[in-house]
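1. predicted model and sequence below, questions to follow.
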Amino acid sequence: MLKRVVIGLSVLAMLLAATPAPAHHAFASEFDVDKPLQLQGTVTVMEWVNPHSWIHVDVKGAEGIVNWMVEGGSPNQLLRLGFTRNALLPGMEIIVTGFQAKDGTHKAVGRELTFADGRKLFLSESASGTPK
C-alpha cells in the first residue's frame with residue numbers, strides 16, 4: 001500500500017513539474033533597437049502592474065492625438081530607480097526616449113523619462129546607461 005502511495009505522489013510531482021511556465025519576452029523579440037524614438041506628451045494613465053509597468057501618453061502629431069503605451073520596468077524596479085506612486089500622475093507633461101515595437105503599433109519600451117522641470121528617471125534597470 002505504501003509503495004502505491006509513493007508511486008502516486010511521484011507521478012503527481014512529475015506532472016506538476018512538467019507544467020509549462022509562462023514565457024517572458026526578450027527585448028529583441030518585441031522591440032526594435034533600430035527604431036529609437038522620443039515621445040513628448042501628456043500622461044493619461046500609469047499602470048503599476050507586474051511584470052512591467054505601463055505609461056499611457058497622449059502625443060500630438062500629424063495624425064492628431066495618439067495614445068502611446070510605454071513599457072517600463074517592474075514596479076519594484078521603478079521604486080529602486082526613484083519613482084514613487086505620485087511621481088507620474090495624469091496630466092503631467094513628459095518626454096520619453098525608448099524604442100518602438102517591431103509591429104509598428106503605438107507601443108514602445110521606455111529607456112528614460114524627462115519631467116517638465118528637467119528631472120530625469122530611468123524606466124528600467126536594464127536600460128542602457130542605467131546606474132547600477
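-> Here it is on my side, so go on.
2. alpha carbons only for contacts and neighbour counts from here, please
-> OK.
3. longest strand in this protein, by residue count?
-> Ordering each strand of the chain by length in residues (DSSP state E) puts strand 31-47 first.
4. mean confidence for it?
-> Strand 31-47 comes out with an average pLDDT of 94.
5. and whichever helix or strand comes after that strand, how far from the chain's centre?
-> Note on strand 31-47: by DSSP states H and E, the next helix or strand toward the C-terminus is strand 54-61. Relative to its chain's centre, strand 54-61 lies at 15 Å (CA atoms, centre = their mean, to the nearest Å).
6. just the C-alphas of strand 54-61, formatted as PDB.
-> Output in PDB follows, covering the C-alpha atoms of strand 54-61 (Å, rounded to 0.1, in the frame of the first residue of the first chain):
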ATOM      1  CA  TRP A  54       2.900  50.800 -18.500                       C
ATOM      2  CA  ILE A  55       2.700  54.600 -19.000                       C
ATOM      3  CA  HIS A  56       0.000  55.800 -21.400                       C
ATOM      4  CA  VAL A  57       0.900  59.100 -23.000                       C
ATOM      5  CA  ASP A  58      -1.200  61.300 -25.400                       C
ATOM      6  CA  VAL A  59       1.200  62.500 -28.100                       C
ATOM      7  CA  LYS A  60       0.200  65.300 -30.500                       C
ATOM      8  CA  GLY A  61       1.400  64.800 -34.100                       C
END
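7. so which elements touch that strand?
-> Contacts defined by 3 or more CA pairs under 8 Å, 6 or more residues apart in numbering; DSSP states H and E place strand 54-61 against strand 31-47, strand 64-71.
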